[in-house]
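**Student:** sequence and predicted structure, then a few things I'm wondering about:
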Amino acid sequence: MPPPPVGVAPTPILFSLITIHLMMGITLFLQAVVITVAAFLITRYAGAKLAAFGTFLLSASYFVLINRSGPDPADGIYAAILSLLGFGALYLAICRFASVRFSRLLVYAAIPLGVVFIATSGPVGLHPLTLPTVTSSCIAIVTITTGVSLLKSDNRRFRVASYLTAAPMILFGLLVAFRLVISLVLEEAMLPGPTAPNLIAVMALFVLSFLWSVGFVLLINQRLQTDLDDLARNDALTELKNRRAMRESLEAALATRSDGCAIVLIDLDHFKHVNDRYGHAAGDRVLQTFAERALQTTRTQDEIGRWGGEEFLLMLRNTDVIEAHQIAERLRVEIAEQPVVLDNQEIKLTFSAGVSWFDDEASIDLALKAADDALYKAKESRNTVVVAEATPLDRRLSSA
């Protein structure tokens, strides 16, 4: 990195730039170690190891500057390449972790061209400001794009951590961009060496990189917690809500002060025969097929879950028993008309269902009992839908 041009006095500083580079290198190295540990403890998430690799590259970019024995432009070139590659790796890591499509223009064009330009800037003998200007421009674009990509992702499962990760990256990119703008009127802003703008940039990276590294570790932790919660609430085979989650949905529906909910308790007909004749793998596929078709047929405000075994529970918000019966009939016809095809064999799939209704928390259990009684009657003839003879209100009045 060349010394400041003649006539430009270096800004007085409290610490040498080498000391600060050492501090940055160690800090980024420790951040990379923490992310690596998290990535290897929780191996299921794409992008975690790549984020650790990118942080290691950033750490290496500062260690390269520490080993200077004198003014050598090659050190600055190596550091700039490592830094740009490190931020590029972080961008890809965030995209992979958040399941966001990365920019092909950025990954396959901008970053490679930036690396090639930086690598060839030494032999060409460009102006001393060219290298830091090009490097800073690329880094500003990459970091801002990284943060924006994370914010635009479907981050409801890890919203707080995504903000903590994205905000420092965007802020750092904006600070780098601001420095580029200032350099248009104040040349010292982009000069290499122990200048005040360089020290401010390094200290900003020191603070903000710590924040986004902590944010990324929290991303992994929050996503893990969400996935564990999903495992506790969702059926692994059909990916529908399980009995516990459906019970919570029934209670939550009451909290919205709706006009009551209808419930449809469904039992697949002759399911034991499917398991005995075709095997349990075929039975699993039948359950999955039913779940997929039920989701396609029901309305967006409805919820369906696996109640247990071959039983499913359909919850219909703001729906009376008459409309619920019509919806259940439509689903029954849809299921019966499309056999499940496995290994060139057609498996006829039908179900029986009982319909009931509730309007307050006290009647949920009564409604479930009424639906179960109606299902029992439907099973006598199979492939039919039966409405409960008595509503939960009727049952409460009769027991009073």
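**Tutor:** Perfect, thanks for sending it. Because the structure is predicted, anything quoted here is derived from the model rather than measured.

**Student:** from residue 133, how far off is residue 241?
**Tutor:** Counting by C-beta to C-beta, to the nearest Å, the gap from residue 241 to residue 133 is 55 Å. (C-beta placed from N, C-alpha, C; glycine too.)

**Student:** of those two, who's got more company?
**Tutor:** residue 241 (22 against 16; other C-beta atoms under 10 Å).

**Student:** give me the phi and psi for that one.
**Tutor:** The phi and psi values for residue 241, taken as degrees, to the nearest 10, are phi -60, psi 150.

**Student:** identify the residue nearest it in space, chain neighbours excluded?
**Tutor:** In this structure, residue 241 finds its nearest non-sequential neighbour in residue 305, 3.6 Å apart by C-beta to C-beta, 6 or more residues apart in numbering.

**Student:** what pairs with the one you found across the strands?
**Tutor:** Counting by DSSP bridges, residue 305 forms beta bridges with residue 241, residue 313.

**Student:** doesn't residue 247 make contact with it?
**Tutor:** No. When contacts are counted by C-beta atoms under 8 Å, residue 305 is not listed as touching residue 247 (9.0 Å).

**Student:** phi and psi next, for the residue positioned nearest the centre of the chain.
**Tutor:** When C-alpha atoms, centre = their mean is applied to the chain, the residue found nearest the centroid is residue 98 (4.2 Å). The phi/psi pair for residue 98 (degrees, to the nearest 10) reads phi -90, psi 0.

**Student:** which ones are touching the nearest residue to it once chain neighbours are set aside?
**Tutor:** Nearest non-adjacent residue to residue 98, counting by C-beta to C-beta, 6+ apart: residue 153, 3.8 Å away. Counting by C-beta atoms under 8 Å, 6 or more residues apart in numbering, residue 153 makes contact with 98-100, 162.

**Student:** quick check: the farthest pair among the residues you listed?
**Tutor:** Greatest spacing in the contacts of residue 153, by C-beta to C-beta: 99 and 162 (12.4 Å).

**Student:** so how far is stretch 298-310 from its chain's centroid?
**Tutor:** 24 Å (C-alpha atoms, centre = their mean, to the nearest Å).

**Student:** kindly apply the preceding question to stretch 228-247 instead.
**Tutor:** Centroid separation for stretch 228-247 versus its chain: 19 Å, with C-alpha atoms, centre = their mean.

**Student:** again with stretch 133-146
**Tutor:** Mean C-alpha position of stretch 133-146 versus that of the full chain (C-alpha atoms, centre = their mean) differs by 24 Å.

**Student:** then stretch 25-41?
**Tutor:** Computed by C-alpha atoms, centre = their mean, the chain-centroid distance of stretch 25-41 equals 21 Å.

**Student:** again with stretch 254-266
**Tutor:** Mean-position distance between stretch 254-266 and its chain equals 31 Å (C-alpha atoms, centre = their mean).

**Student:** buried sites along it?
**Tutor:** Buried residues in stretch 254-266, counting neighbours by 16 or more other C-beta atoms under 10 Å, are found at 254, 260-266.

**Student:** try stretch 288-301
**Tutor:** Under 16+ other C-beta under 10 Å, the buried positions of stretch 288-301 are 289-291, 293-294, 297-298.

**Student:** restricting to C-alpha, output stretch 375-382 in PDB.
**Tutor:** Written as PDB, here are the backbone C-alpha positions of stretch 375-382 (Å, rounded to 0.1, in the frame of the first residue of the first chain):
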ATOM      1  CA  LEU A 375     -68.400 -40.400  12.200                       C
ATOM      2  CA  TYR A 376     -69.300 -43.700  13.900                       C
ATOM      3  CA  LYS A 377     -72.600 -43.700  12.100                       C
ATOM      4  CA  ALA A 378     -70.900 -42.800   8.800                       C
ATOM      5  CA  LYS A 379     -68.600 -45.800   9.100                       C
ATOM      6  CA  GLU A 380     -71.600 -48.100   9.100                       C
ATOM      7  CA  SER A 381     -72.100 -47.400   5.400                       C
ATOM      8  CA  ARG A 382     -68.600 -45.800   4.600                       C
END
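
**Student:** quick one: mean pLDDT for it?
**Tutor:** Averaging pLDDT along stretch 375-382 yields 93.
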